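In: Here you go, sequence then predicted model.
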Amino acid sequence: MSLDLSSSSQQVYNTALVVLTNDQDGDKERLLWEIVNWEENPPKKEYPLPGWEWFEIHGDPRTLNSLVTRGILNIIFKSNKSCSYETTDREAIKRALNDYRGLIQPPEEEEYIPPDLFDIIIGHEGKRELINRSISADEPVHFLLYGVPASAKSLMLEELNRLPRSKFILGSNLSKAGLYDVLLNEKEKPRFLILDELDKIDDQANLAGLLSLMERGLITETKYKRHRQIKLKCWVFASANRIKRIPEELMSRFVTLKFKPYSDAEFMDICVNVLTNREGVNESIALYITQKVLDELGSRDVRDACKLARLMKGDTKAEVDHIVGILKKQK
């Protein structure tokens, strides 16, 4: 409850919070932000009329009329051809929007963490312990996993993506508005942001948004004179092959973990473990696949072994040899 509001403003504030709390798909929250931003930064019109119409804020008239009934909006002009609205108390509505996403969020339920998280990863006990400590910490601690391709860092990210409310983003595919779209428009706001190929993000807006999220827990978008901001408690787990291109101020927000290339023995252990526990391959065939990927395909990438296993029609060495033979011809 906001004690510094007048009784009428408090009523609007309380009603707006009820509407937001029951807004399962987030449509009303996005609509109210659109309305607030429009009223704070109204576009210039050739023939200015009071208020705004439904098409100017991309709202459904039925939804707008329901907000009128609840006392959140007023109709200030109506004719056979048009209907103009305005908020009854913009500041109270804005306060409710900010509080809903920040100050008065209900306590988070304890979320299920897979008990076998990281079990398929051989070694890296220290790294696994630190990341597990971060996951269970009260406040976010962010991690950057870096090193050569085909090391355990990608496998670590894949495991982290099994966490509840995790969102996986590939940096090389991130559009200019991509990070904002994920953090502002997702119906269920992510708790764990899994960001692969951080070093391939070169858009300054995305980098600035990530820095703000990690530093202050805020994500802000200013677009076409519209302003949106939410407070978000989010853990960031990122990976990169190289760290030279990552801005220093962003690097300083991470705990950095360096991953070295697999040795042949490490690759064999990890690959067999993944194939048997995640892909359902029997152990003898898993070992045979691993040996073929290492010796004949010249790869230490666990993903190559998984792809080979998924192409097989049966768990036989003949199937492995057949697929490896085709793959070798493609090199």
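Out: Yep, it's here. Given the structure is predicted, the values throughout are model-derived calculations rather than measurements.

In: Tell me which helix or strand the residue nearest the centre of the chain sits in.
Out: Central residue of the chain (CA atoms, centre = their mean): Lys167, 3.8 Å from the mean position. In this structure, Lys167 sits in strand 166-170 according to DSSP states H and E.

In: residue contacts, the residue lying closest to Lys28 once chain neighbours are set aside?
Out: Nearest non-adjacent residue to Lys28, counting by CB to CB, 6 or more residues apart in numbering: Val19, 5.7 Å away. Bear in mind the C-beta positions are built from the backbone N, C-alpha and C, glycine included. For Val19, the contact set (CB atoms under 8 Å, 6 or more residues apart in numbering) comprises 28, 32, 67, 70, 72.

In: what's near enough to touch the fourth one?
Out: When you say that, I think you mean Arg70. So Arg70 contacts 15, 19 (CB under 8 Å, 6+ apart).

In: can you give me phi and psi for Ser239?
Out: As for Ser239, its main-chain torsions (degrees, to the nearest 10) stand at phi -140, psi 160.

In: I'd like the distance from it to Leu17, if you could.
Out: Distance of Ser239 to Leu17, given as CB to CB, to the nearest Å: 39 Å.

In: When these two are compared, which one has more neighbours?
Out: Shown here are Ser239 and Leu17; by other CB atoms under 10 Å, Ser239 has more neighbours (24 against 20).

In: So what pairs up with the more buried one in the strands?
Out: Beta-bridge pairing for Ser239 (DSSP bridges): Leu145.

In: rewinding a little: just flag the most distant two among the contacts of Val19.
Out: Leu32 and Arg70 (11.4 Å; CB to CB).

In: I'd guess Met315 is in a helix, am I close?
Out: Residue 315: Asp, not Met. No: looking at Asp315 with DSSP: H, G, I helix; E, B strand; the rest coil, it is coil, so not inside a helix.

In: Which positions within the strand holding Lys167 qualify as buried?
Out: Buried positions in strand 166-170, judged by neighbour count with 16 or more other CB atoms under 10 Å: 166-169.

In: and it, how far from the chain's centre?
Out: 5 Å (CA atoms, centre = their mean, to the nearest Å).

In: Mind checking the pLDDT average for that strand?
Out: On average, the pLDDT along strand 166-170 is 89.

In: helices and strands around that strand, which ones?
Out: With contacts defined as 3 or more CB pairs under 8 Å, 6 or more residues apart in numbering; DSSP states H and E, the packing partners of strand 166-170 are helix 178-185, strand 192-196.

In: ok, now with 7 Å
Out: Helices and strands touching strand 166-170, by 3 or more CB pairs under 7 Å, 6 or more residues apart in numbering; DSSP states H and E, are strand 192-196.

In: partner strands of the strand it packs on, parallel or antiparallel?
Out: Paired neighbours of strand 192-196 in the sheet (DSSP bridges): strand 166-170 (parallel), strand 235-240 (parallel).

In: right, and the helix or strand after the longest one?
Out: The one in question is strand 235-240. Past strand 235-240, the next helix or strand by DSSP H and E is helix 248-251.

In: Mind checking what helix or strand follows that next one in sequence?
Out: strand 254-259.

In: Strands of the chain, start to end?
Out: 73-78, 83-87, 142-147, 166-170, 192-196, 218-223, 226-231, 235-240, 254-259 (DSSP state E).

In: what's the fifth one in contact with?
Out: Residues lying outside strand 192-196 but in contact with it, judged by CB atoms under 7 Å, 6 or more residues apart in numbering, are 157, 160-161, 163, 165-171, 234-239.

In: Repeat that for stretch 252-264.
Out: Residues outside stretch 252-264 that contact it (CB under 7 Å, 6+ apart) are 127, 130, 141-148, 151-153, 211, 214-215, 270, 294, 300.

In: That concludes my questions; thank you for your assistance.
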